[in-house]
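> Mind looking at a prediction? Sequence and model below.
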Amino acid sequence: MTNNKKIFLAVISLLLLLAFILIAKRIWFKGALPVRVVSASTRDIRQTVSSSGSIEAREKIQVAFEMAGRVKAVYFKEQDRVKKGQVLARLVDDEIAAQIDQARAAVLQAEISLKNMERNLTRARELYKKGFLSLEGIEAAQTEYDMGGELLSQRKASYEAVKARSHSTLITAPITGTVIRKFIKEGEIVAGPLSAGRISEPVPIAEIADLSQMEVLTDIDETEVAKIHREQEALIKVDAYPDTILTGTVREIALVTSERREAGRNYRVIVSLLNTPAWLRLGMTSTIDFIIQEKKGILCLPADAILQKDNRSVVFLVKEGRLVEREVKTGIGDEEYLEISSGLHPGEEVVTGDLSKLHRGERVTVLR
């Protein structure tokens, strides 16, 4: 046999062998289920309770006049910064000013009359000692003096009452903050709590908020509220600025259920923001993540790589083209990953996806 024939036969044999391998491979994988795998790896996991809420100021108050009247002057506008005690507006006070003048004059008149009565009483006592005045006379002078003193006290009280009413024509800022709403204009008539001779709800002229102390208000379901405690750390993502994460701590947890009961029983939780950016606005919606537990550098798998079976957590590995079932122990988890506390080593590959239809020993092919 020549060398060329030997080479030719060797090539034919090799081609036949390759064809046999390909055919055998097709026969083997025919009917094999294609699966994807993922490697167990270390990462940080933060377990949280999430809720939606809105941004509010810790201190926000509406201010109103204590009496009804016409607005004489307004000294503020919306978005003004005001200090506690700063005058915001004034009512027309001409009538009260006249009443103050009358009350002051009445006090002066009563003081003069009382001094005259005091001199008369002193003179009556001297005359009584000398025998020129009867006991009835001195008693009459004493009575007149006592009545004069009572009249002076009454007129002083009336004067103070009118002065107090004059203070009601002014309204001042009860807190230091920013005017977020303005409800009045000069010349308007405002109602007070005693308008028209009856007690009523006063009409606010402005709303002031301390924007340096902002909070997030949220309602937590009764099944989750036991996981929340005061001073607990929380992460806040405002919907309008999703790329920015704010931090805060739980300040208050309600003892009674919230009035909002559309979706079961909830409890109001207030989170104080630790930093308040300038772009933050009242009423902005946000998502709050209350940090329950956090671990760093732990072995994890995606949640869809773990199957709950007969109260056990199991994973599927691929060994020689067939599925092998292995039990694992899981720990904390977040929205995507679960901690693997035992049963796997870093780098081991497990099947991911819809595991409910897989069976131990089933033939599979790994998609790469």
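Perfect, thanks for sending it.
> What residues of stretch 238-252 count as buried?
When neighbours are counted by 16 or more other Cβ atoms under 10 Å, the buried residues of stretch 238-252 are found to be 238, 246, 248, 250-251. C-beta: built from backbone N, CA, C; applies to glycine.
> Residue 66: which of the residues you listed is nearest?
Comparing the buried residues of stretch 238-252 against residue 66 with Cβ to Cβ picks out residue 251 as the nearest, at 32.1 Å.
> Assign that closest one to helix, strand or coil.
Recorded secondary structure, residue 251: strand (DSSP: H, G, I helix; E, B strand; the rest coil).
> State the distance from it to residue 214.
In this view, residue 251 and residue 214 are 11 Å apart by Cβ to Cβ, to the nearest Å.
> which neighbours do these two share?
Common contacts of residue 251 and residue 214 (Cβ atoms under 8 Å, 6 or more residues apart in numbering): residue 272.
> Next up, the contacts around residue 354.
If you count contacts by Cβ under 8 Å, 6+ apart, residue 354 has them with residue 304.
> contacting residues for residue 358?
Contacts for residue 358 (Cβ under 8 Å, 6+ apart) come out as 33, 35, 307, 316, 323, 351.
> swap the cut-off to 7 Å and go again
316, 323, 351 (Cβ atoms under 7 Å, 6 or more residues apart in numbering).
> Read off the pLDDT value for it.
Confidence at residue 358, expressed as pLDDT, is 90.
> So it, which state does it fall into?
coil.
> And for residue 142?
Following three-state DSSP, residue 142 is assigned to helix.
> what about the nearest residue to it once chain neighbours are set aside, helix or strand, and which?
Using Cβ to Cβ, 6 or more residues apart in numbering and skipping the chain neighbours, the partner closest in space to residue 142 is residue 121 (6.0 Å). Using DSSP states H and E, residue 121 maps to helix 94-130.
> Show me what that helix is packed up against.
helix 135-167 (3 or more Cβ pairs under 7 Å, 6 or more residues apart in numbering; DSSP states H and E).
> in the helix it packs on, what counts as buried?
138, 141, 144-145, 148, 151-152, 155, 159, 162, 165.
> What strand or helix carries the spatially closest residue to residue 299 that is not a sequence neighbour?
Sequence neighbours aside, residue 340 is the residue nearest to residue 299 in space, at 4.6 Å (criterion: Cβ to Cβ, 6+ apart). Under the criterion of DSSP H and E, residue 340 resides in strand 337-342.
> ok, that strand: who's next to it in the sheet?
Using DSSP bridges, the strands paired with strand 337-342 are strand 285-302 (antiparallel), strand 322-333 (antiparallel).
> Tell me where the model's unsure across the stretch 1-150 of the chain.
Applying pLDDT under 70 to the stretch 1-150 of the chain flags residues 1-13, 15-31, 94-98.
> re earlier: need the strands paired with strand 337-342 in CSV with mean pLDDT, mean neighbour count and distance to residue 79, can you?
Below are the strands paired with strand 337-342 laid out as CSV (pLDDT from 0 to 100; neighbours: other Cβ atoms under 10 Å; distance: least, Cβ to Cβ, whole Å):
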stretch, mean pLDDT, mean neighbour count, distance to residue 79
strand 285-302, 94, 17, 22
strand 322-333, 93, 16, 45
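> Relative to residue 191, which of those strands is closest?
So among the strands paired with strand 337-342, strand 285-302 is nearest, using Cβ to Cβ, at 34.4 Å.
> what number of residues lie near residue 266?
A count of neighbours around residue 266, defined by other Cβ atoms under 10 Å, yields 21.
> one step back: the residue nearest to residue 299 reaches residue 301, doesn't it?
Yes - between residue 340 and residue 301 a contact is recorded at 5.6 Å, counting by Cβ atoms under 7 Å.
> Give the residues shared as contacts by those two.
residue 40.
> any idea what sits nearest residue 352, other than its immediate chain neighbours?
residue 305 (4.1 Å).
> what does residue 348 give?
Residue 348 sits nearest to residue 40 (Cβ to Cβ, 6+ apart), 5.2 Å away.
> what do you get for residue 284?
Distance criterion Cβ to Cβ, 6+ apart; nearest residue to residue 284, sequence neighbours excluded, is residue 55 at 4.4 Å.
> show me the contacts for the one you found.
By Cβ under 7 Å, 6+ apart, residue 55 lies in contact with 214, 216, 280-284, 286.
> ok, back up a step: got the contact list for the strand holding residue 340?
Residues outside strand 337-342 that contact it (Cβ under 7 Å, 6+ apart): 40, 43, 45, 295, 298-303, 306, 328-333.
> In space, not sequence, find me the middle residue of the chain.
residue 216 (2.0 Å; Cα atoms, centre = their mean).
> Helix, strand or coil: sort out that residue for me.
State at residue 216, reduced to three classes by three-state DSSP: strand.
> In a markdown table, list the buried residues of helix 135-167 along with distance to residue 80.
Listed next are those as a markdown table, based on distance: Cβ to Cβ, whole Å:
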| residue | distance to residue 80 |
| --- | --- |
| 138 | 66 |
| 141 | 62 |
| 144 | 58 |
| 145 | 56 |
| 148 | 51 |
| 151 | 48 |
| 152 | 45 |
| 155 | 41 |
| 159 | 35 |
| 162 | 31 |
| 165 | 27 |
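> Determine which two of the contacts of residue 55 are furthest apart.
The most widely separated members of the contacts of residue 55, counting by Cβ to Cβ, are 216 and 281 (12.8 Å).
> The residue nearest to residue 299 and residue 64, how far apart?
Separation of residue 340 from residue 64 (Cβ to Cβ) stands at 62 Å.
> What of residue 130?
From residue 130 to residue 64 the distance is 65 Å (Cβ to Cβ).
> Between the two, which has more neighbouring residues?
Comparing residue 130 with residue 64 by other Cβ under 10 Å, the one with more neighbours is residue 64, at 17 against 7.
> for the nearest residue to the more buried one once chain neighbours are set aside, helix, strand, or coil?
Excluding the flanking residues, the one nearest residue 64 by Cβ to Cβ, 6+ apart is residue 202, at 3.7 Å. Using three-state DSSP, the structure places residue 202 in coil.
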